[in-house]
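Participant: structure for the following, please:
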Amino acid sequence: MKPTIRTLSLQELTVLIDWAAAEGWNPGLEDAAMFQAADPEGFIGAFAGKQMVAAISAVAYGSEFGFIGLYICRPDMRGEGYGKAVWNAGIKRLAGRTVGLDGVAEQQANYQRRGFSPTYETIRYTGHMASPAVRADGLRMITTQLVPDIYDSHCFPAPRRAFLQRWLQTPHHGLAAISSRGTRGYAVARQCRSGFKIGPLFADDVEIALHLLDGLAAACKGGDLSIDVPATKLEFIAALEAAGFAPTFTTTRMYKGPPPKLGLQRLFGITTLELG
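Facilitator: Take a look at the predicted model:
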């Protein structure tokens with residue numbers, strides 16, 4: 001049966017998030033509404049009759065950058081071409097842009113055949129701060145009046161203010177590091193099906209990154225934290241391991257088209273594997 005391809009409603013996106021949970025991806029409790037704010041038209045499903053059988057996120061950040069994620073075909077419908085159909089729809093939607101994704105090891109060769117090139121590896125670290133400090137000097141809670149989109153523009157390839165305005169709202173915990181020199185970094189924690197994920201974690205240096213992480217650990221009341229860290233951040237990784245965090249799995253950031261020119265200097269934790 002040739003599938004119908006169309007944009008997902010919020011309710012259908014919630015189903016896709018449940019599929020991600022069933023795959024073991026541990027999504028955030030508020031991911032459906034938060035993700036949709038990034039690009040309401042960017043979540044696409046393949047339908048056989050009235051049943052959603054495959055889906056993908058193909059989020060456009062303006063006219064030059066996009067990101068692929070949440071690429072799932074329902075297990076009982078695999079091998080029927082539905083996954084390929086929704087993939088093609090997502091790639092078509094982002095035509096003319098540099099497109100990023102985070103690929104697990106077993107899929108990287110497949111993505112390379114489709115024109116994606118690896119740029120850097122990320123490692124998910126999970127653990128908890130045994131005794132997070134309560135000091136909050138230099139840290140401010142992020143509010144709708146304090147959206148660090150200017151700082152974000154130094155760390156992410158395209159403007160995403162609409163997404164940030166939702167991502168930084170409660171029940172997420174957002175902290176900014178502020179000094180006399182201005183914003184020095186910011187970070188967000190979101191509650192997931194299990195524990196919390198940190199992302200993004202952007203900071204001028206390792207010390208500020210660790211201070212933000214410590215502040216979020218206190219806000220999360222000692223719960224388990226997971227963060228996707230570029231493998232090149234050796235000093236930050238050493239500090240995580242000294243605190244008892246352990247690596248759980250790796251992904252590789254891949255791009256089709258010219259990769260963004262932003263460096264990784266301020267990137268200590270990516271925002272999400274689904275949206276970049």
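
Participant: show the contacting residues for Asp228.
Facilitator: Residues in contact with Asp228 (CB atoms under 8 Å, 6 or more residues apart in numbering) are Asp102, Thr122, Ile123, Arg124, Gly199, Thr251, Gly269, Ile270, Leu273. All C-beta atoms are positioned from the backbone trio N, CA, C, and that covers glycine.

Participant: any idea which of those has the most stuff around it?
Facilitator: Gly269 (27 neighbours; other CB atoms under 10 Å).

Participant: quick check: bridge partners of the nearest residue to that residue once chain neighbours are set aside?
Facilitator: Nearest residue to Gly269, sequence neighbours excluded (CB to CB, 6 or more residues apart in numbering): Leu201, at 3.3 Å. Note on Leu201: beta-bridge partners by DSSP bridges are Ala187, Gly269.

Participant: OK, contacts around Leu201?
Facilitator: So Leu201 contacts Gly185, Ala187, Ala209, Leu212, Leu213, Ile227, Phe268, Gly269 (CB under 8 Å, 6+ apart).

Participant: again with Pro157
Facilitator: Tyr61, Glu64, Phe65, Thr98, Gly100, Pro260, Leu262, Gly276.

Participant: out of the contacts of Asp228, list just those in strands.
Facilitator: Of the positions in these, Asp102, Thr122, Ile123, Arg124, Gly199, Thr251, Gly269 sit in strands, assigned by DSSP state E.

Participant: tell me the bridge partners for Gly127.
Facilitator: What pairs with Gly127, by the bridge criterion (DSSP bridges), is Leu225.

Participant: pretty sure Arg184 sits against Asp204.
Facilitator: Yes - counting by CB atoms under 8 Å, Arg184 does reach Asp204; the two are 4.7 Å apart.

Participant: the two: who's more crowded?
Facilitator: Arg184 (21 against 17).

Participant: what kind of secondary structure is that one in?
Facilitator: With DSSP: H, G, I helix; E, B strand; the rest coil as the basis, Arg184 sits in strand.

Participant: before we move on, back to that, what's the overlap in contacts for Arg184 and Asp204?
Facilitator: The contact lists of Arg184 and Asp204 share Ala177, where a contact means CB under 8 Å, 6+ apart.

Participant: having no further points to raise, I will conclude here.
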